[in-house]
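**Q** Make a model of this:
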Amino acid sequence: MHSKKDLELRELSEMVLQLVENQRAMEREIGFLKDNLKAQNSLSKEMLKIHKVHRDLATKNTEQLGRIETLLKDQP
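**A** Numbering: from 1, shown residues only. This next block holds a predicted model:
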């Protein structure tokens, strides 16, 4: 028959094992979050590049349309 102390020690051991398991699970989740954050940062950088390209194209298109308008107005 187990003594009360043996049962308490076994319960403490189980609790420690569960804490270690929970800690590892949290560390894995933190790793996933870090990976997701890196991916989001990369995506944000790429989106910023695309935005700059669109802005540059819009500026160039505006300039060209202005030039076309001027040329058309100058025609007899």
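
**Q** Centroid-nearest residue for the protein?
**A** Nearest to the geometric centre of the chain sits Gln40, at 2.5 Å (C-alpha atoms, centre = their mean).

**Q** how far does the host helix or strand of that residue sit from the chain's center?
**A** Using DSSP states H and E, Gln40 falls within helix 4-74. In terms of C-alpha atoms, centre = their mean, to the nearest Å, the centre of helix 4-74 is found 1 Å from the chain centre.

**Q** Name the spans of this structure whose pLDDT lies under the cut-off.
**A** In the predicted model of the chain, residues 1-2 satisfy pLDDT under 70.

**Q** ok, 90 please
**A** 1-7, 74-76 (pLDDT under 90).

**Q** List the contacts of stretch 44-58.
**A** Where contact means C-beta atoms under 8 Å, 6 or more residues apart in numbering, no residue beyond stretch 44-58 reaches it. (C-beta placed from N, C-alpha, C; glycine too.)

**Q** Return the set of buried residues in it.
**A** In terms of neighbour count (16 or more other C-beta atoms under 10 Å), stretch 44-58 has no buried residues at all.

**Q** Over to stretch 54-70?
**A** For stretch 54-70, it's none, nothing buried (16+ other C-beta under 10 Å).

**Q** Dump that stretch to CSV, keeping only the CA atoms.
**A** Output of stretch 54-70 as CSV, limited to C-alpha atoms (Å, rounded to 0.1, in the frame of the first residue of the first chain):
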residue,chain,number,x,y,z
HIS,A,54,2.2,51.3,-59.2
ARG,A,55,2.9,54.8,-58.0
ASP,A,56,5.8,55.2,-60.5
LEU,A,57,3.6,53.9,-63.3
ALA,A,58,0.7,56.2,-62.4
THR,A,59,3.1,59.2,-62.4
LYS,A,60,4.5,58.2,-65.7
ASN,A,61,1.0,57.6,-67.2
THR,A,62,-0.1,61.0,-65.9
GLU,A,63,2.9,62.7,-67.6
GLN,A,64,2.3,60.8,-70.8
LEU,A,65,-1.4,61.7,-70.8
GLY,A,66,-0.5,65.3,-70.2
ARG,A,67,1.9,65.2,-73.2
ILE,A,68,-0.7,63.5,-75.4
GLU,A,69,-3.3,66.2,-74.4
THR,A,70,-0.9,68.9,-75.3
